[in-house]
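Participant: just need the structure, nothing else, for what follows:
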Amino acid sequence: MNILKRHQTGIPKKYIYLVTVLFCAAVMVQVSTSGQTSSVGVFVRRFVLFGSIYVFWALSIDYINAIFIPLEKIKSTSLQIIERILSVLLLVLLNLVVTNCIYYAILIGFTSMNISEAYIDFEPYIIKSILIRLFDVLIIGLILRTITANQHLHQQNLKVISLENQLHLSQLETLRNQLDPHFLFNTLHTLNTLIGYDDKKARSMVIKVTKLLRKILDKRTKQLITFQEEIDYFKNYLDIEEERFHDRLTIILNIEEATNEIMVPTLMLQPLIENAFKHGISQVEEKGTIQLSAYIKDDQFVINLSNSIPTKPSSSSTVSTNIGLQNLDSRLQQVFGEGYTLQTQKNISTFEVTIRINHKH
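Facilitator: Numbers count the residues shown, from 1 in each chain. This next block holds a predicted model:
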């Protein structure tokens with residue numbers, strides 16, 4: 001049993017103590033105006049009692065927050081509920097004991113009241129005091145969840161704004177990468193070879209390049225798109241490269257239909273497919289393979305892209321700087337926070353990139 005766990009609220013302590021003082025003052029004003037105080041002594045007694053109660057809650061705020069956070073999927077739901085109920089009861093009893101000990105200790109110290117009289121004075125209020133403190137925990141928990149939800153929404157808005165800025169700044173870089181001289185020269189060279197030899201294929205390739213450019217421009221203002229839209233772009237890029245490599249290229253796509261509507265960063269696959277051709281397929285002398293798989297497994301959206309690489313790098317091989325992967329990792333972090341992983345694996349004849357995204361995103 002894991003009782004009285006802590007989970008930090010992320011709220012600065014000074015604000016918690018300030019709210020505690022204001023709430024205590026508000027309660028005292030309400031009590032004073034309701035005619036329940038008849039003297040300065042009674043007012044001070046009540047101030048000590050309410051003050052100690054709310055200071056206790058302020059000091060216990062992380063424990064209360066842990067009670068109201070969402071249940072963990074990896075643990076038994078019933079066990080977690082029992083742990084949290086016991087945590088609530090324990091907090092209530094601790095508050096009851098500590099605050100009333102402080103309250104009656106002051107009374108005994110400054111008046112003629114003894115311990116027996118203190119118990120007789122407190123006994124009629126035991127049930128009421130427990131219920132009030134249970135209500136306090138419930139209210140504080142709901143307030144904390146509301147604050148946390150607002151904080152999460154604010155953070156998501158900041159992420160979106162930051163990502164939009166990053167997207168705008170990277171648009172020229174994306175276009176440059178997508179249309180770098182290497183890609184353009186190879187495409188133009190292929191067109192030059194086809195013109196006069198196979199005009200139909202040449203026209204088809206011009207149309208495909210045009211479509212590719214249009215897709216890039218259409219997406220320049222979008223931060224997130226469906227994975228289906230991303231795959232459409234991916235296929236369009238492959239269509240162009242397929243004209244270059246003819247029978248030297250095998251493309252295998254295994255895309256689960258359940259992944260189609262999942263939202264992903266725009267042009268997420270772009271640096272991966274560029275690297276696959278630049279450092280893999282174009283360097284392989286024999287037939288090369290590009291395989292893309294996308295599926296849902298264990299509440300994770302998994303994207304796996306593998307491509308052939310030369311077993312023995314030639315003198316003309318270019319060394320990857322990994323800038324594309326680093327930029328992709330940065331974009332994924334902006335969108336999914338800690339809810340993703342990006343891993344690479346290099347074997348003798350293949351290079352593999354695997355992205356796992358928590359499906360709740």
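Participant: now the helices: where do they sit in the stretch 201-350 of the chain?
Facilitator: 227-245, 270-278, 323-336 (DSSP state H, counting those that start in this stretch).
Participant: elements contacting the shortest one?
Facilitator: Using 3 or more C-beta pairs under 8 Å, 6 or more residues apart in numbering; DSSP states H and E as the contact criterion, the elements in contact with helix 270-278 are helix 126-178, helix 227-245, strand 300-308, helix 323-336, strand 350-358. No exception for glycine: its C-beta is placed from N, CA and C like everyone else's.
Participant: please work out which of the ones you listed is packed deepest.
Facilitator: Mean neighbour count (mean count of other C-beta atoms under 10 Å) peaks for strand 300-308 among the helices and strands packed on helix 270-278, with a mean of 20.
Participant: give me the pLDDT value at the residue located most distally from the centre of the chain.
Facilitator: Centroid-distance maximum for the chain: residue 112 at 59.5 Å, with C-alpha atoms, centre = their mean. Looking at residue 112, its pLDDT reads 80.
Participant: backbone phi and psi for it, please?
Facilitator: Residue 112 has phi and psi values of phi -90, psi 10 when expressed as degrees, to the nearest 10.
Participant: with residue 11 instead?
Facilitator: Main-chain torsions, residue 11, degrees, to the nearest 10: phi -90, psi 130.
Participant: so what's it up against?
Facilitator: Residues in contact with residue 11 (C-beta atoms under 8 Å, 6 or more residues apart in numbering) are 61, 147.
Participant: switch the cut-off to 7 Å
Facilitator: Contact partners of residue 11, counting by C-beta atoms under 7 Å, 6 or more residues apart in numbering, are residue 147.
Participant: turn the helices and strands packed on helix 270-278 into JSON lines, including mean pLDDT.
Facilitator: Listed next are the helices and strands packed on helix 270-278 as JSON lines, based on pLDDT from 0 to 100:
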{"stretch": "helix 126-178", "mean pLDDT": "76"}
{"stretch": "helix 227-245", "mean pLDDT": "82"}
{"stretch": "strand 300-308", "mean pLDDT": "92"}
{"stretch": "helix 323-336", "mean pLDDT": "82"}
{"stretch": "strand 350-358", "mean pLDDT": "92"}
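Participant: quick one, which of the ones you listed is nearest to residue 284?
Facilitator: Among those, the nearest to residue 284 by C-beta to C-beta is strand 300-308 (5.0 Å).
Participant: mind giving me the packing neighbours of whatever helix or strand residue 30 lives in?
Facilitator: Using DSSP states H and E, residue 30 sits in helix 13-33. Packed against helix 13-33 by the contact rule (3 or more C-beta pairs under 7 Å, 6 or more residues apart in numbering; DSSP states H and E) you find helix 40-59.
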